[in-house]
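**Student:** No sequence on hand, only this structure:
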């Protein structure tokens, strides 16, 4: 029961304080003085306890005066001169704005709590005897076999050991379509096994799962303050001191200089204490920042702090790694060309039978392609691996060679199908040939294909005036083909990790605010060098740790979304700061000209605080 009520304690206290103020005010109108004062005091205590406790505690800890301390003084001062209603309303609205700020913070942590609830506490451990026992996830070790039944959440990160199924990975990727999983495919803790019973092997400790990393990143993001927030907090301490000095002077100078009565002088000093407090200014940034981080987490983008949102809002250039970032990072067969006199089904089954006995990524891609075409690989072939060249076997009494042009006969390979090798190579494709006793039998072209969303993302960034550069370790021919396909402004090929850093430094010198997007170990130095490092969610651990922003869905369009989100946050922060400063100035001047009363000062000051917090909450809207 208490766990449900606890997050709303501040709001309940504020509402109860408001009800008591109404009761006390009614009693005051009926000249029932003593009970009215007692109820006002009760409203002060209930509504102001949380803020007063926080303000006094922070003042003692930091040895620095703060806004809460000013509010306590203002409320006490209003009571001393008999303005019980105004003092109580000040406490009520201050408590209400505090409750709103707490609501914002709780809202921003909602996704984090939901993630933590998705982590299973127990798992079915498969023993060597074949028996399954229910054990706490924390007792599992890397290499353990775990049984996962249909409908259960996958308890740890690992890969399929046996069986096949479909898995709902929406909690990690945001993609609603289930993903088919076969032997050796990766599995993530917290995702849901939908259809088949599988046995998985645990590959990472429970403390290092993808879910745990997301939780730690969000927690660290919420505690990290942006430069603007740090400036406001430094400014707050100095400003409060200035207000207290002016307040002290206001207590007697107007009486002697402009002839105000002592009562009017003290009253105006109290009004100054209320209206000059920078509550709205202090609340201008943090609620909006927390809401933006929460928005990003919902949309599959993890920001490691508000500072990175600020930097992203002014980014002028973005450098992209190629493999695994602009492209999928996995080779796929794009062309399968077979000699005219050959039987297509037999050739494809033969090629798959040979390639299925190799662990090379290209071989796996060719095997997968043949199976997807509906052909079964030939079995029981005796395949010999020729290191650095390819594979060979015997079939129907003849030798079969599969590999690079130099291995199967370079001259014949280049002449096959009217010189198609050069045409395919110019498209950035890698070509593998098959040779039988009659010459070149087939050619398979493979390419690390560009992600579906890449071209439109690059175009959108360019429309925003952002310069897009591709940095890759690939050869110039492949780099040129990918650059033309994606539409980047410029590409630089054959880059070592150190070269990427040097090119980033040149961009920084020219554009000042530069982002780097990558996924590999070789990208980590460049990610650290850039103003904002952006890592793909399926990237290496070091890339994820080095980056400032993580795209959990591996969706490049989230970069555009993140920039729009960052720009919107900056607009809202600027609106809040301008509005709060303008309100403070207007209220202070109105007080000096005796054109504002304490009740109006309270409403104007605290009303502006509530408005900037509500404006910050607009960042929770995903339509940016």
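**Tutor:** Looks like it came in fine. Computed from a predicted model, the values in this text were never measured in an experiment.
**Student:** Going by C-alpha atoms from here, please, whenever you check contacts or count neighbours.
**Tutor:** OK.
**Student:** and residue 506, what helix or strand is that in?
**Tutor:** helix 497-511 (DSSP states H and E).
**Student:** no no, residue 94
**Tutor:** Going by DSSP H and E, residue 94 is part of helix 84-108.
**Student:** for residue 22, same thing?
**Tutor:** Using DSSP H and E, residue 22 falls in helix 9-29.
**Student:** Quick one: distance of that helix to the chain centre.
**Tutor:** 41 Å (CA atoms, centre = their mean, to the nearest Å).
**Student:** hey, where'd the strands end up in the stretch 451-600 of the chain?
**Tutor:** Using DSSP state E, counting those that start in this stretch, the strands of the stretch 451-600 of the chain run over residues 467-471, 490-492, 514-518, 532-536, 549-551.
**Student:** just the stretch 51-200 of the chain next, same as before
**Tutor:** 122-126, 132-136, 145-148, 158-162, 165-168, 179-181, 186-187, 192-193, 198-202.
**Student:** Mean pLDDT added to those, as TSV?
**Tutor:** Listed next are those as TSV, based on pLDDT from 0 to 100:
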stretch	mean pLDDT
strand 122-126	90
strand 132-136	91
strand 145-148	93
strand 158-162	91
strand 165-168	82
strand 179-181	78
strand 186-187	87
strand 192-193	86
strand 198-202	93
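**Student:** Now residue 449. Its backbone dihedrals?
**Tutor:** Backbone torsions of residue 449, given as degrees, to the nearest 10, read phi -70, psi 150.
**Student:** and it, what does it touch?
**Tutor:** 327-332 (CA atoms under 8 Å, 6 or more residues apart in numbering).
**Student:** re earlier: dump the strands of the stretch 451-600 of the chain to a markdown table, plus mean pLDDT, distance to residue 340 and mean neighbour count.
**Tutor:** Formatted as a markdown table, the strands of the stretch 451-600 of the chain follow (pLDDT from 0 to 100; distance: least, CA to CA, whole Å; neighbours: other CA atoms under 10 Å):
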| stretch | mean pLDDT | distance to residue 340 | mean neighbour count |
| --- | --- | --- | --- |
| strand 467-471 | 95 | 40 | 24 |
| strand 490-492 | 94 | 39 | 18 |
| strand 514-518 | 92 | 43 | 29 |
| strand 532-536 | 90 | 43 | 27 |
| strand 549-551 | 89 | 46 | 29 |
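**Student:** Export those as TSV, with columns for distance to residue 379.
**Tutor:** Below are the strands of the stretch 451-600 of the chain laid out as TSV (distance: least, CA to CA, whole Å):
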stretch	distance to residue 379
strand 467-471	42
strand 490-492	44
strand 514-518	40
strand 532-536	38
strand 549-551	42
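**Student:** quick one on the thing from earlier: what lies in contact with the helix holding residue 506?
**Tutor:** Contacts of helix 497-511 (CA under 8 Å, 6+ apart): 316-317, 319, 471, 514, 516, 522-523, 525-526, 529-531.
**Student:** pLDDT of that helix, averaged?
**Tutor:** Averaging pLDDT along helix 497-511 yields 89.
**Student:** what's the answer for stretch 448-463, then?
**Tutor:** 91.
**Student:** List the buried residues of it.
**Tutor:** Within stretch 448-463, the residues that qualify as buried are 448-451, 454-455, 457-459, 461-462, counting by 16 or more other CA atoms under 10 Å.
**Student:** Is it possible to get JSON lines of these that adds distance to residue 381?
**Tutor:** Converted to JSON lines, the buried residues of stretch 448-463 look like this (distance: CA to CA, whole Å):
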{"residue": "448", "distance to residue 381": "29"}
{"residue": "449", "distance to residue 381": "31"}
{"residue": "450", "distance to residue 381": "34"}
{"residue": "451", "distance to residue 381": "36"}
{"residue": "454", "distance to residue 381": "41"}
{"residue": "455", "distance to residue 381": "43"}
{"residue": "457", "distance to residue 381": "46"}
{"residue": "458", "distance to residue 381": "46"}
{"residue": "459", "distance to residue 381": "49"}
{"residue": "461", "distance to residue 381": "51"}
{"residue": "462", "distance to residue 381": "52"}
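**Student:** The residues you listed in helices, which ones?
**Tutor:** 454-455, 457-459, 461-462 (DSSP state H).
**Student:** would you turn these into JSON lines with distance to residue 91?
**Tutor:** Shown next, in JSON lines, are these (distance: CA to CA, whole Å):
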{"residue": "454", "distance to residue 91": "53"}
{"residue": "455", "distance to residue 91": "55"}
{"residue": "457", "distance to residue 91": "50"}
{"residue": "458", "distance to residue 91": "52"}
{"residue": "459", "distance to residue 91": "52"}
{"residue": "461", "distance to residue 91": "48"}
{"residue": "462", "distance to residue 91": "50"}
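**Student:** Out of these, which is nearest to residue 150?
**Tutor:** residue 454 (35.0 Å; CA to CA).
**Student:** got the contact list for that closest one?
**Tutor:** Here residue 454 is in contact with 326-327, 486, 556-557 (criterion: CA under 8 Å, 6+ apart).
**Student:** now it: how far from residue 554?
**Tutor:** In this view, residue 454 and residue 554 are 11 Å apart by CA to CA, to the nearest Å.
**Student:** Spatially nearest residue to residue 478 (excluding sequence neighbours)?
**Tutor:** residue 428 (3.8 Å; CA to CA, 6 or more residues apart in numbering).
**Student:** I meant residue 78, not that one.
**Tutor:** Excluding its sequence neighbours, the residue lying closest to residue 78 (CA to CA, 6+ apart) is residue 87, at 5.2 Å.
**Student:** residues touching that neighbour, list them.
**Tutor:** Counting by CA under 8 Å, 6+ apart, residue 87 has contacts 74-79.
**Student:** Which pLDDT value goes with it?
**Tutor:** For residue 87, the predicted pLDDT is 75.
**Student:** separation between it and residue 587?
**Tutor:** 17 Å.
**Student:** Same check on residue 372?
**Tutor:** Counting by CA to CA - residue 372 and residue 587 are separated by 72 Å.
**Student:** These two: who's more crowded?
**Tutor:** More crowded of residue 372 and residue 587, by other CA atoms under 10 Å: residue 587, with 25 against 10.
**Student:** Could you give the number of residues near the closest residue to the more buried one other than its chain neighbours?
**Tutor:** Of all residues beyond its chain neighbours, the one nearest residue 587 is residue 275 (5.9 Å), with distances taken as CA to CA, 6+ apart. Using other CA under 10 Å, residue 275 has 28 neighbouring residues.
**Student:** how about residue 275, phi and psi?
**Tutor:** phi -70, psi -20.
**Student:** before we move on, the earlier item: determine which two of the contacts of helix 497-511 are furthest apart.
**Tutor:** Every pair of those checked by CA to CA; the farthest is 316 and 522, at 23.3 Å.
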